[in-house]
Structure formats: C-alpha cells, structure tokens
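> 3D, please:
(one chain, ligands or ions: 1)
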Amino acid sequence: MKIRVLGGAREVGGSCIAVETENCKVALDYGIKLDGVTDEYPKNFDAVIISHAHLDHSGSLLRLTKVRKKQTIVGSRITRDITIDLLKDMIKIQNEKAGIVAFDDQAANTVRDSWLTAETLSLTDMNVTMYPAGHVAGAKMLGVSSEGKTVIYTGDFCIHDTEILEGCNINLLPREPELLISESTYGGKVRPPRDELTRKFLVEVSGTMKRWGNILIPTFAFHRSQEMAKRIDRAMQEGVLPNYNAYVISKLGSKVTTHFNAYKQLFTKEISQQEKPFDYKYVKYIERTSEIEEPAIVVCTSGFGHAGASLSLLELWAEGEENTVILTSGFLPADSPLRFAKEKRWFRAVEGDKIPVHAKIVTIELSGHADQIELIELVTKLKPKKTVLVHGDLPQADALSEKISQLTEVCIPEKNETIIV
Ligand SMILES: [Zn+2]
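The predicted model follows:
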C-alpha cells in the first residue's frame with residue numbers, strides 16, 4: 001500500500017490521506033482547513049471514506065462532487081446526515097461573506113446522493129472496516145487491509161467516556177498493524193480526568209448563579225452544544241444546579257439535535273434508553289437573544305465568538321463583573337473576540353467600540369480528543385510497526401513522538417509525503 005498524506009500534516013485542519021494499492025485508490029477523509037480554505041486534493045478516488053462529520057474531515061466534499069458526479073462517498077448514516085447539515089451551513093456563511101454563490105444547497109444534496117451508508121467496504125484488493133472512535137456522535141476509526149497488511153487511521157478519537165458518548169474500545173481494533181496513522185492534537189498535553197473538569201464546570205456555573213449573574217458558553221453546534229445542554233439539564237433535574245433560565249441558541253444546533261434523537265442508540269446506554277434524550281426539560285432552544293430572560297445560562301454559537309449570539313451576548317455581558325464566560329475549547333484563533341476578551345480583557349464590538357471585560361472568563365477544556373496519556377495507551381496496546389502522526393501542530397506531534405519512539409517507529413510527515421507499507 002502506498003499512503004500519501006494530502007492534508008493535516010503538521011497541522012490541525014484539512015485532513016485527507018490517500019491509500020493506494022495496485023488496483024484501487026481511496027481517500028480517508030476529505031476535509032477543509034480551519035480558516036475555510038480548501039486544498040486541491042486529487043479527485044480520482046474509487047471511494048472517499050469519511051471518519052466523522054467535522055468539516056476539517058469532510059468540508060472539501062463539495063468541490064469533489066462538483067467535478068466528479070459519480071463519486072462514491074462512504075460513511076456512517078449519522079455522519080452523512082450531519083455532514084450535509086454542516087455543509088449547507090458552511091455554504092450559507094461563505095456565500096454571505098463572499099457575496100457570490102459559489103455553491104448552493106444542491107451541491108450538498110449531490111454529496112448526499114453520492115453517499116453510501118456502510119460501515120465496511122470491499123474493493124478489488126482492499127477492505128475497509130470502521131470502528132467506534134468516541135470523539136463525537138458517529139465518529140469512526142478506519143482500518144484498511146490489503147494482502148494481509150493492515151493500516152489503522154484514527155481520525156479524531158477519544159478513549160475516555162463522556163456523559164453522552166462512550167469512548168473508543170481499543171480491544172476491537174486489529175493488533176500489530178503495519179501502520180498506525182494517529183491524530184496528535186493533544187500529543188503534548190495531559191488533561192485532568194473528565195469528572196474533575198465537569199465538577200469544576202458545575203462549581204463555576206453555580207457560583208455565578210448564586211450572585212444572579214449570566215453565564216455565556218460559546219460552543220460548536222455539532223456535539224458540544226448538545227453535550228453541554230444535556231449536562232446542564234441533567235444537573236438541574238438532579239438538583240445539582242438550581243432551576244435557572246437556560247437556553248441554547250443555534251439553528252444549526254437545533255437541526256443536529258433532531259439527528260441525535262433519531263440515532264440515540266449510538267450514545268451511552270443511559271441515553272439510548274430515554275425516549276427523546278435530547279429534548280431537554282429545563283433547557284430551551286430559542287432563536288434570538290431578545291427571547292432571553294435574565295439572569296440566564298446560555299449555550300450558543302459561534303464557538304470562537306466571531307459572530308452570532310456568542311458575540312452579541314459577549315458585548316452585552318462582558319462588562320458585568322457578576323457574569324461568567326466559560327470557554328470549553330483550549331484553542332482560540334488569534335483574531336477571535338473571545339481570545340481578546342480572555343487575554344487582553346477588552347475586545348472590539350461589531351460597531352467598532354472597544355469594550356472592557358469585567359466578567360470572569362474561565363477555560364474548562366471538555367475536549368473530545370485523546371490527550372497524551374490516551375495517545376500513548378493506543379500505541380502501547382496496538383503495537384504498530386510504524387506510527388505516522390498527523391492532525392497536530394509540530395510541537396504537539398514532536399512531544400508525542402518522543403514518548404512513543406521506544407514503542408514504535410515514528411514519522412511526522414510533511415504534506416504530500418508518501419509512506420510505503
Ligand atoms: Zn473532529
């Protein structure tokens with residue numbers, strides 16, 4: 001097998017890996033970069049296999065199906081449905097920004113029509129198998145085998161369970177693969193246990209509620225917003241948090257939530273036994289910030305505070321020292337209002353005014369990625385002959401490489417580098 005890293009080399013974003021045998025060629029993921037730039041990947045694949053719906057793994061599919069009408073795309077059913085929603089949302093945002101129609105909803109529908117909802121694939125001299133990856137609803141690791149040799153691609157994964165989703169089960173994966181292609185987002189980072197982080201989250205929330213402050217939680221529409229809303233709803237039901245005005249503002253999030261209810265069997269046992277687990281008792285979906293009754297706790301998009309309800313509420317609540325902003329992602333782009341608010345204690349409003357920040361800003365990283373300990377655990381258990389690190393900035397990949405180099409041969413490829421198995 002010839003493996004070529006087409007994207008996501010020494011960076012997070014634009015994941016795409018080509019695997020080629022004598023008779024066939026597939027792409028594992030077909031993503032877009034975090035800043036929305038699409039790379040020009042080759043388009044001559046027998047099949048394109050999508051590990052999960054995040055756009056950095058699926059966002060370039062629009063370009064692909066535009067030129068290749070008969071493309072086979074393979075992935076799980078929920079990944080298909082959510083990818084289509086995310087693509088349509090991306091099309092809307094990009095068209096508004098550019099003032100032109102580069103793609104329309106029909107383009108996303110073409111992706112849908114090309115999609116084969118399968119979890120295994122057999123080609124002439126290659127077989128692909130999918131394994132649950134944790135991370136987000138529907139996420140898969142991909143095992144590619146040919147002539148008795150196996151390559152495992154982790155996509156994005158997480159070993160520990162979260163409140164709504166079980167982590168990946170390493171025991172299901174084939175042992176001693178020729179090659180492991182692993183993400184390394186947090187290759188240099190060890191995170192506190194999840195229980196500790198959720199406890200810290202609830203302490204911050206209840207502390208703010210005691211002083212009747214507002215709580216702003218900017219987050220992503222897919223998975224994080226549902227996980228957060230479920231956490232708050234459950235804490236109110238169990239009396240861990242008082243009954244407080246609680247909202248989610250995200251049209252896209254609300255759409256994704258319908259898929260979560262429809263595919264509830266993909267979540268933890270407890271969740272899958274509930275009738276409509278993501279119809280909350282205390283947390284309401286609303287469309288506009290004007291519907292909020294203060295004081296309130298609000299989960300909303302965008303995740304980086306660039307636009308939408310996150311930005312309007314940040315403008316509204318930043319100056320009140322009784323308020324709290326909870327950031328759940330460690331990564332914030334340099335130009336994001338939330339990064340400014342956190343580091344400089346001021347940010348620029350849409351109108352251009354400089355707004356000082358007196359509200360408390362806390363970061364509690366409730367991430368869906370494996371940290372360094374989990375990444376090492378995967379390598380230790382699988383015992384791959386060789387490990388290729390992708391989907392991580394170079395310092396993160398380097399730190400992980402140092403830790404696993406006794407266990408496996410390690411390579412941190414550059415873009416377009418080829419590895420032969
Ligand atoms: Zn992801």
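> per-domain residue ranges of this protein.
Here the chain is described, according to automatic domain parsing, as comprising the domains 2-189+368-420, 194-363.
> now tabulate the ones you listed in JSON lines and tack on distance to the ion.
Any C-beta I mention is one placed from the backbone N, CA and C, and that applies to glycine too. Output for the domains of the chain, formatted as JSON lines (distance: least, C-beta to the ion, whole Å):
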{"stretch": "domain 2-189+368-420", "distance to the ion": "4"}
{"stretch": "domain 194-363", "distance to the ion": "9"}
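> make JSON lines out of the ones you listed and add mean neighbour count.
JSON lines is the format used below for the domains of the chain (neighbours: other C-beta atoms under 10 Å):
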{"stretch": "domain 2-189+368-420", "mean neighbour count": "20"}
{"stretch": "domain 194-363", "mean neighbour count": "18"}
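> export these to a markdown table and tack on mean pLDDT?
Written out in a markdown table, the entries for those read as follows (pLDDT from 0 to 100):
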| stretch | mean pLDDT |
| --- | --- |
| domain 2-189+368-420 | 95 |
| domain 194-363 | 95 |
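> the helices in the stretch 251-400 of the chain, which residues?
Under the criterion DSSP state H, counting those that start in this stretch, the stretch 251-400 of the chain carries helices at the ranges 251-262, 269-273, 308-317, 337-343, 372-382, 394-404.
> out of those, which gets nearest to residue 61?
Comparing the helices of the stretch 251-400 of the chain against residue 61 with C-beta to C-beta, the closest turns out to be helix 251-262 (17.5 Å).
> give me the residues contacting that closest one.
With C-beta atoms under 8 Å, 6 or more residues apart in numbering as the contact definition, helix 251-262 has outside contacts at 78, 81-82, 85-86, 89, 137, 221-223, 225-226, 248, 267, 276-279, 285, 287, 301.
> can you pull the contacts of the residue most central in space within the chain?
With distances taken as C-alpha atoms, centre = their mean, residue 54 lies nearest the centre of the chain, 5.1 Å away. In this structure, residue 54 makes contact with 31, 86, 136, 156, 222, judged by C-beta under 8 Å, 6+ apart.
> go on, residue 128?
By C-beta under 8 Å, 6+ apart, the residues touching residue 128 are 26, 47, 49, 74, 120, 121, 122, 142, 143, 144.
> again, but for residue 312
When contacts are counted by C-beta under 8 Å, 6+ apart, residue 312 touches residue 289.
> picking that back up, let me have the helices of the stretch 251-400 of the chain in CSV, extended by distance to residue 152.
Written out in CSV, the entries for the helices of the stretch 251-400 of the chain read as follows (distance: least, C-beta to C-beta, whole Å):
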stretch, distance to residue 152
helix 251-262, 27
helix 269-273, 26
helix 308-317, 37
helix 337-343, 35
helix 372-382, 7
helix 394-404, 15
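> mind giving me a markdown table with the contacts of residue 128 and columns for distance to residue 233 and secondary structure?
Rendered in a markdown table, the data for those read as follows (distance: C-beta to C-beta, whole Å; DSSP: H, G, I helix; E, B strand; the rest coil):
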| residue | distance to residue 233 | secondary structure |
| --- | --- | --- |
| 26 | 41 | strand |
| 47 | 40 | strand |
| 49 | 35 | strand |
| 74 | 35 | strand |
| 120 | 36 | strand |
| 121 | 38 | strand |
| 122 | 43 | strand |
| 142 | 34 | strand |
| 143 | 36 | strand |
| 144 | 40 | strand |
